[in-house]
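# Let me see the structure of the following:
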Amino acid sequence: MNNTRYFNTTGFCMPERHYMIDPLRNQKIIFDLIEKTQYFTIHAPRQTGKTTLLHELAHRLNKEGNYISVVFSVESAGYRSITEETANKKIINSLYSSSGQYLNKKNCPIPPEKYTKDLTLENYLIDWAISQTKPIVLLLDEIDSLYDDVLVSVLRQLRNGFQIRPKRFPSTVALVGLRDVREYKLKVRPSEASLGSGSPFNIKAKSILLGTWTKEEITELYNQHTKDTGQVFTKEVINRIYELTGGQPWLVNAIANEIVVEILNEDYTKKITLAHAEEAKENLIKRRDTHLDSLLDKLKEPRVKNIVSAIINGDSLVYDNFNDDLLYVMDLGIIRKEKYDIIFSNEIYREIIPRVLNFSMQENIREEGMTSCYINPDGKLDMDKLLKAFQKF
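Below is the predicted model of the structure:
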């Protein structure tokens, strides 16, 4: 059978190529904010569908015809040594080059090299808005890749334009990144942290956190594969995948892809079992794909490591909205609140994070031969010998 769609684990999703559920299905709030010409932030951990949502949103707004909308990334200006002037140029170039993906030529801003005024983001956006008959919805991705003066400069320029929207500035601006806007102030100098108010983007109307998927949404996704191929993910298998992934979108896709492509070699006549889900989990952990690697890279940050170590050690963590470190690690999708406990977001994270943190200790134990004398020739533990040694210890 020629199956053209597949479970995507790289880049944003496209309906014609990938199994996907509508990223805007529960986002009436976004359309309400756009209608009210508000500024807002969207934040979510890596690979939870932010970019997919932004692309779908821009294309839908442009198709409906009431707005013109562009998604662009400011990541090209995301390094510490960059000057504000260079950052402005890079951000404007990114905006201009991205606009061609979403708009026809008459709705695009002027090419930066033909711009005759002082080339700042604020000026560029003012002149673009004035040249258009429809309101502009601007979606800035990777906003939290910016540092220090550049971040402050971009936020200030957007705030300055807020007063003259929608005729002379984009009517809606969404800042999109890993973290909520409260985190931006931690990346700038203390003296600049508030920009004169409690938040560096104090004009935002709302902060939207993209959540994980429910069992019903995972079922909807997997049913698309069943419809295309006839291969069924049973309720029992879906329940187990939900336990393993916590509904984290990348993991949900990666587990399914591992089972369908790597384990069953795209033989759609084969039945998907619980054992396949367990095997897929182990494979992902051993291989440490990009998603898991970027997650584990965060463990190098002291504020992340401290929270994670406390959970592993069984120390009590009081959930407190004013505890920035705790909220930061939650925003990264590593932990979640369950009733009165703070726990790892899913079983896969719960297994892989302690393994990584204890890796050097495990290697030392192996090197020192401390375990070999308690292992029988068949590879099983000699429990009597181990328990006697423990008693002696």
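
# use CA for all of it now, contacts and neighbours both
Will do.

# And the protein, split by domain according to the record?
With domains defined by the TED database, the chain comprises 27-209, 215-287, 292-369.

# can you give me the strands in the stretch 51-200 of the chain?
68-73, 136-141, 172-177 (DSSP state E, counting those that start in this stretch).

# next one: the stretch 251-393 of the chain
Using DSSP E, counting those that start in this stretch, the strands of the stretch 251-393 of the chain run over 335-338, 341-344.

# contacts for the last one?
Okay, so that is strand 341-344. 311, 317, 319, 334-337, 350 (CA atoms under 8 Å, 6 or more residues apart in numbering).

# how about 6 Å then?
Residues outside strand 341-344 that contact it (CA atoms under 6 Å, 6 or more residues apart in numbering) are 334-336, 350.

# repeat for stretch 164-177
Residues contacting stretch 164-177 (CA under 6 Å, 6+ apart): 34, 37-43, 125-126, 129-130, 135-144, 161.

# likewise stretch 279-291?
Residues outside stretch 279-291 that contact it (CA under 6 Å, 6+ apart): 255, 258.

# State the helix or strand in which the closest residue to residue 205 other than its chain neighbours lies.
Of all residues not flanking residue 205 in the chain, residue 40 sits nearest, at 5.4 Å (CA to CA, 6 or more residues apart in numbering). Counting by DSSP states H and E, the element that carries residue 40 is strand 39-43.

# Tell me which strands that strand pairs with, and in which orientation.
Note on strand 39-43: by DSSP bridges, its sheet partners are strand 172-177 (parallel), strand 204-209 (parallel).

# hmm, back to that, can you report how many residues neighbour the residue nearest to residue 205?
23 (other CA atoms under 10 Å).

# isn't it right next to residue 206, touching?
Yes: contact criterion CA atoms under 6 Å: residue 40 and residue 206 qualify, at 5.0 Å.

# Could you pull out the buried residues of the helix or strand harbouring residue 242?
Take DSSP H and E as the rule and residue 242 turns out to sit in helix 235-245. Within helix 235-245, the residues that qualify as buried are 237-239, 241-242, 244-245, counting by 16 or more other CA atoms under 10 Å.

# just to revisit the earlier point, I'd like the strands of the stretch 51-200 of the chain as TSV, with mean pLDDT appended.
Listed next are the strands of the stretch 51-200 of the chain as TSV, based on pLDDT from 0 to 100:
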stretch	mean pLDDT
strand 68-73	97
strand 136-141	96
strand 172-177	92
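
# Make TSV out of these and add mean neighbour count and distance to residue 375.
Output for these, formatted as TSV (neighbours: other CA atoms under 10 Å; distance: least, CA to CA, whole Å):
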stretch	mean neighbour count	distance to residue 375
strand 68-73	24	54
strand 136-141	24	53
strand 172-177	23	49
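
# For residue 60, which of those strands is the nearest?
Residue 60 lies closest, by CA to CA, to one member of the strands of the stretch 51-200 of the chain: strand 68-73, at 9.0 Å.

# separation between residue 96 and residue 141?
Look at residue 96 and residue 141: by CA to CA, to the nearest Å, they are 14 Å apart.

# Sorry, wrong one. I was asking about residue 25.
Residue 25 is 20 Å from residue 141, by CA to CA.

# thinking again about what came up before, single out the most deeply packed of the strands of the stretch 251-393 of the chain.
Highest mean neighbour count of those: strand 341-344, a mean of 18 (counted as mean count of other CA atoms under 10 Å).
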